[in-house]
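1. Can you look at this prediction? I've put the sequence above it.
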Amino acid sequence: MDSDAIRAKWDARYRSSHSSAEGIAAVLIDNTPLLPTEGKALDLASGLGANALYLAGQGLEVHAWDISPVAIDRLNRRAQQQGLTLHTQVRDCLARPPEPGSFDVIVVSRFLERELCPAITVALKPGGLLFYQTYTRAKQGGSGPGNPHFLLEAGELPRLFSELEVAFYREGEEALFVGRKVE
Ligand SMILES: C[S@@+](CC[C@H](N)C(=O)[O-])C[C@H]1O[C@@H](n2cnc3c(N)ncnc32)[C@H](O)[C@@H]1O
C-alpha cells in the first residue's frame with residue numbers, strides 16, 4: 001500500500017470511530033518511574049495520542065506525529081480540552097523519520113514498520129529511552145492486525161533494537177520493551 005492509501009485507510013477509521021477510548025500503552029504505565037522529569041518526547045504514529053497526552057501530563061515537551069490528518073486534528077482538540085500543549089505534525093514517519101539525536105523519549109505503540117527501527121535508535125539522545133509495545137504472533141484474534149507481517153516474532157523487539165540496553169521486557173499477546181541508548 002502506498003502512503004496515500006495508508007493515510008486514506010486511517011483517516012476513514014478515525015472519521016467513523018468517535019471513541020477516544022484507545023488506552024495508554026501498558027509499557028508506559030508500568031514503567032512510568034523510568035521517565036525523565038523533563039526533556040523532549042515523541043509519540044511516533046500517535047493516532048489519537050493517548051500516550052502523547054499521558055507524557056505531556058508527566059511534564060515532558062511532547063511531539064506527536066501521525067500520517068492521518070484526521071487523527072492529528074482530533075488529538076489537537078483533545079489536548080486543548082485538557083489544557084495540555086502538544087507539538088503535533090501530520091507526518092509520514094517512513095518518508096521522514098525523526099532526526100538523529102533529537103529525543104529523550106520515543107514511544108511507539110501498536111505500530112510496526114521494521115525498516116524504521118534503525119532510525120528510531122539513532123533518533124534517541126544518549127541516555128534516551130524507547131518505550132515500544134505492539135502485538136505478537138501469540139495474539140489470539142481480538143484487536144490488532146490480522147496480517148502476520150505486522151505481528152512480532154518471539155523475542156523480535158530486543159533483536160530489532162539490539163543497540164539499546166534492555167531496561168524492561170515482557171512478551172505475551174503483545175511485547176513490551178523499554179530500551180536505553182547507552183551514553
Ligand atoms: C493501530 S494505530 C496506533 C495508534 C496509537 N499509537 C495507539 O497506540 O493507539 C497505527 C497508527 O499508525 C499510523 N501510521 C501508519 N503508517 C504511518 C506512517 N508511515 N507514518 C506515521 N504514522 C503512520 C496510523 O495513522 C495509525 O494512527
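-> Yep, it's here.
2. separation between residue 14 and residue 7?
-> 11 Å (CB to CB, to the nearest Å). Using the backbone N, CA and C atoms, a C-beta is placed for each residue, glycine as well.
3. what is in contact with those two at once?
-> Taking CB atoms under 8 Å, 6 or more residues apart in numbering as the criterion, residue 14 and residue 7 both touch residue 68.
4. Count the residues that sit near the residue nearest to residue 153 when sequence neighbours are not counted.
-> Leaving aside its chain neighbours, residue 153 sits nearest to residue 137 (6.1 Å; criterion: CB to CB, 6 or more residues apart in numbering). Around residue 137 there are 11 other residues, counting by other CB atoms under 10 Å.
5. Please apply the same query to residue 1.
-> Residue 1, neighbours per other CB under 10 Å, totals 8.
6. What values do phi and psi take at the closest residue to it other than its chain neighbours?
-> Using CB to CB, 6+ apart and skipping the chain neighbours, the partner closest in space to residue 1 is residue 9 (7.4 Å). The phi and psi values for residue 9, taken as degrees, to the nearest 10, are phi -60, psi -50.
7. Residue 158 now?
-> Residue torsions, per degrees, to the nearest 10, at residue 158 are phi -60, psi -30.
8. Same check on the one 4 residues further on?
-> When quoted as degrees, to the nearest 10, the phi and psi of residue 162 stand at phi -70, psi -20.
9. hang on, the earlier thing: who touches the residue nearest to residue 153 in this structure?
-> Residue 137 neighbours (CB under 8 Å, 6+ apart): 148, 151, 152, 153, 154.
10. Could you list which of those residues belong to strands?
-> For the contacts of residue 137, not one is inside strands, with DSSP state E as the criterion.
11. so where does residue 5 fall, helix or strand?
-> Here residue 5 is covered by helix 3-16, with elements defined by DSSP states H and E.
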